[in-house]
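Chemist: no sequence for this one, just the structure:
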């Protein structure tokens, strides 16, 4: 969290990431070829109950609401269809050209990859 002295990492909210992407775009405006934007997905939770899954994470992020947790760019929570929609929305919003998913969540992410490929 900004101003924190605990050394505990805190995820950027979607609004904070909006600000960072906007700053990058301003700074990179004169570049011949802008850099590709990517995001490191910290967790993929396949579930029919997004809110319940987000509530379970609040103890790690007490400064956020359930809605803010569900909107975090580094978390993908929901059915494969909901996660696919979230990935597409983030690509549109932030311009991510690729994602990196941590190894423990690769199998959970597989249906999303297939959906994005149109399989």
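Modeler: Now that the structure is in, tell me what you want to look at. What you see is a predicted model, and the numbers here were worked out from it, not measured in a lab.

Chemist: contacts, neighbours, all on C-alpha from now
Modeler: Noted.

Chemist: Not including adjacent chain positions, what is the nearest residue to the residue nearest to the spatial centre of the chain?
Modeler: The centroid of the chain falls nearest to residue 73 when counting by Cα atoms, centre = their mean (1.9 Å). Leaving aside its sequence neighbours, residue 73 sits nearest to residue 14 (Cα to Cα, 6 or more residues apart in numbering; 6.3 Å).

Chemist: can you give me the end-to-end distance of stretch 40-60?
Modeler: 18 Å (Cα to Cα, to the nearest Å).

Chemist: can you give me the offset of it from its chain's centre?
Modeler: 12 Å (Cα atoms, centre = their mean, to the nearest Å).

Chemist: Need the three-state assignment for the residue nearest to the centre of the chain.
Modeler: coil (DSSP: H, G, I helix; E, B strand; the rest coil).

Chemist: looking at it, it is touching residue 90, isn't it?
Modeler: Yes - the pair residue 73 / residue 90 is scored as a contact, 7.2 Å apart, by Cα atoms under 8 Å.

Chemist: From residue 57, how far out is the residue nearest to residue 73?
Modeler: Applying Cα to Cα to residue 14 and residue 57 gives a distance of 17 Å.

Chemist: When these two are compared, which one has more neighbours?
Modeler: residue 14 (19 against 14; other Cα atoms under 10 Å).

Chemist: Tell me how far the more buried one lies from residue 55.
Modeler: The gap separating residue 14 from residue 55 is 18 Å, by Cα to Cα.

Chemist: Repeat that for residue 99.
Modeler: When distance is defined by Cα to Cα, residue 99 is 24 Å away from residue 55.

Chemist: so what's residue 18 closest to, chain neighbours aside?
Modeler: residue 94 (7.0 Å).

Chemist: Surely that neighbour and residue 16 touch.
Modeler: No - using Cα under 8 Å, residue 94 makes no contact with residue 16, being 11.4 Å away.

Chemist: From the rest of the structure, what touches the helix or strand residue 82 falls within?
Modeler: Assessed by DSSP states H and E, residue 82 sits inside helix 80-94. Contacts of helix 80-94 from elsewhere in the structure, counted by Cα atoms under 8 Å, 6 or more residues apart in numbering, are 18, 21, 37, 46, 73, 76-77, 96-97, 109, 111-112, 115-116.
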